[in-house]
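*Asks:* got a sequence here, can you model it:
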Amino acid sequence: MGQIVTILIVHFAMGVGLPIQQMGTVVLCLIGLNFVSLLRYHHQESTTNTELLLELLLDVAALTVQIYLSGGASNPFISLFLLQVTLGAILLESWSVWFLVVITSACYVLLTLFYRELEVPHLHGSNFLNLHIQGMFVCFVLAACLLVLFIGRITRNLRARDTRLAELRQHSIEEDHIVRMGLLASGAAHELGTPLATLSVILGDWSRMREIRGNEELAQELEEMQAQLDRCKTIVSGILMSSGEARGEGTVHTSIRDFFDDVAAEWSSARSPSSFQYENVFRADHPMISDLALKQVLFNVLDNAYEASPDHVSMRIEPLDDAVAVTVVDEGPGFSDDVLGRLGKPYATTKNRPGAGLGLFLVVNVVRKLGGQVTATNRPEGGAQVAIELPLSMLRGSDT
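*Replies:* Just a heads-up that it's a prediction; the model follows:
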């Protein structure tokens, strides 16, 4: 557009005779080059240094032809070569920039020797100088506008890249945090195995003692202690099995409907809430590998809802395009603005106890590793809602 406007102004407004047909052909070639470049960009977003250098060299070639057709080195627009060098200095590797400098310098020298004479009116006197100065001014405005557009776009791209890199670094830090927590949990599970086994033996010995067997109340309490101890051993076994899943150990084949039904039934049995409303409208069933990490994610969300609203918790499972949507709702006070703003960050919580705030952190990061997303909101009628979207492809493909 800049070339078209400039050519028309110089030819018709300034009265300088230009070969419109030949210069228009160059402009059409540049339009075709831009069209091909856009098509290629839609199919391949990354661009190599060699490709950028080739694009700039084609621009230099087009500018050289235009300057050749319009007076050679005496044309004030010859300084537009600096535009290509400036863009090259920002975008290209060092050797490519110097190569571009050599090419543009050679083109400048050649244009002092070979060029088409301009049909300029009033070649003698001050009019020619005025005309040349006017051309320099138009060239300055054109170059300044192009630099602002190009450098502004490059700056935005670099800023977007830096933002993306910062997000990746943050994700790496969070995943490292999760790995360290997993190692601690696995180590704790191994360490707890011995004392739990010792307690189990002691409780077994106590259950055979005559004094306890003759006391019904003590026998019931001992039975309850044994049940809680068995539950602790089950939790420890689950932690160890989860750490072994990375090696393909302990996997259980199930279906999506059965998996969520089992999670809801197990959580309801373990927590015994006053009111737990569960609804699974996921009609089409798909095979999947039972994921203990995902199971723990759902337990964490339900536990948070139960802690905020002991009287009522609901969970709904439904299809959503090519994903499974899990929605957990409670009737508690809802999330604070600080927690919503820092969703997925460690220790983002209003609970005043050590270690609190890791539940949602684990939820967000585990779901993100599965290719899904977590959304937490406060409902207008009161209470909080946590929505989890899990892609079916990841759930079905977790065994591959």
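*Asks:* for the rest of this, base every contact and every neighbour count on C-alpha atoms.
*Replies:* Fine.
*Asks:* do a quick rundown of the helices in the stretch 1-150 of the chain.
*Replies:* Per DSSP state H, counting those that start in this stretch, the stretch 1-150 of the chain carries helices over the ranges 2-8, 20-43, 49-69, 81-91, 94-113, 126-207.
*Asks:* by mean pLDDT, show me the worst of those.
*Replies:* Mean pLDDT per stretch puts helix 126-207 lowest among these, at a mean of 78.
*Asks:* which residues touch H286?
*Replies:* The neighbours of H286, taking Cα atoms under 8 Å, 6 or more residues apart in numbering as the test, are S255, I256, R257, R396.
*Asks:* for Q84, grab the count of nearby residues.
*Replies:* 21 (other Cα atoms under 10 Å).
*Asks:* does it touch V60 like I think?
*Replies:* Yes. Q84 lies in contact with V60 (Cα atoms under 8 Å); the separation is 7.0 Å.
*Asks:* in a helix, V386, correct?
*Replies:* No. Read with DSSP: H, G, I helix; E, B strand; the rest coil, V386 is strand and lies in no helix.
*Asks:* what's the neighbour count on it?
*Replies:* 19.
*Asks:* nearest residue to it in space, please, no chain neighbours.
*Replies:* Leaving aside its chain neighbours, V386 sits nearest to A376 (4.5 Å; criterion: Cα to Cα, 6 or more residues apart in numbering).
*Asks:* sec struct for the one you found, please.
*Replies:* Under three-state DSSP, A376 comes out as strand.
*Asks:* can you name the residues that contact it?
*Replies:* Contacts for A376 (Cα under 8 Å, 6+ apart) come out as L340, L343, A384, Q385, V386, A387.
*Asks:* now do G341
*Replies:* G341 is in contact with no residue at all, counting by Cα under 8 Å, 6+ apart.
*Asks:* on that earlier part again, and the contacts of A376, which are buried?
*Replies:* Among the contacts of A376, the ones that count as buried by 16 or more other Cα atoms under 10 Å are L340, L343, A384, Q385, V386, A387.
*Asks:* residue boundaries of the strands in the stretch 201-350 of the chain?
*Replies:* 252-255, 276-280, 287-290, 313-320, 323-330 (DSSP state E, counting those that start in this stretch).
*Asks:* re earlier: quick one: which of the buried ones among the contacts of A376 is nearest to R169?
*Replies:* L343 (17.2 Å; Cα to Cα).
*Asks:* pretty sure that closest one sits against V363.
*Replies:* No. Counting by Cα under 8 Å, L343 stays clear of V363, with 9.9 Å between them.
*Asks:* shared neighbours, these two?
*Replies:* With Cα under 8 Å, 6+ apart as the test, L343 and V363 reach no residue in common.
*Asks:* show me where the stretch 201-350 of the chain has its helices.
*Replies:* 210-213, 216-244, 256-271, 292-308, 337-341.
*Asks:* quick one on the thing from earlier: how about the helices of the stretch 1-150 of the chain in a markdown table, adding distance to W267?
*Replies:* Listed next are the helices of the stretch 1-150 of the chain as a markdown table, based on distance: least, Cα to Cα, whole Å:
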| stretch | distance to W267 |
| --- | --- |
| helix 2-8 | 68 |
| helix 20-43 | 48 |
| helix 49-69 | 56 |
| helix 81-91 | 56 |
| helix 94-113 | 62 |
| helix 126-207 | 21 |
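*Asks:* mind checking which of the ones you listed is nearest V367?
*Replies:* helix 126-207 (12.1 Å).
*Asks:* give me the distance from that closest one to the chain's centre.
*Replies:* Centre-to-centre, helix 126-207 and its host chain are 8 Å apart (Cα atoms, centre = their mean, to the nearest Å).
*Asks:* now do it: which elements does it pack against?
*Replies:* The contact analysis (3 or more Cα pairs under 8 Å, 6 or more residues apart in numbering; DSSP states H and E) places helix 126-207 against helix 81-91, helix 216-244, helix 358-369.
*Asks:* tell me which of the ones you listed sits most buried.
*Replies:* Mean neighbours per residue, mean count of other Cα atoms under 10 Å, is largest over the helices and strands packed on helix 126-207 for helix 358-369, with a mean of 20.
*Asks:* one step back: out of the buried ones among the contacts of A376, which comes closest to D285?
*Replies:* Using Cα to Cα, the buried ones among the contacts of A376 come closest to D285 at A387, 20.4 Å.
*Asks:* and E167, which of the helices of the stretch 201-350 of the chain is closest to it?
*Replies:* Across the helices of the stretch 201-350 of the chain (criterion: Cα to Cα), the nearest stretch is helix 337-341, sitting at 15.7 Å.
*Asks:* got the CA positions of the closest one in CSV?
*Replies:* What follows is helix 337-341, C-alpha atoms only, in CSV (Å, rounded to 0.1, in the frame of the first residue of the first chain):
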residue,chain,number,x,y,z
ASP,A,337,-11.7,-13.2,45.8
ASP,A,338,-8.1,-14.0,46.7
VAL,A,339,-8.6,-17.7,46.3
LEU,A,340,-10.4,-17.3,43.0
GLY,A,341,-7.6,-15.0,41.8
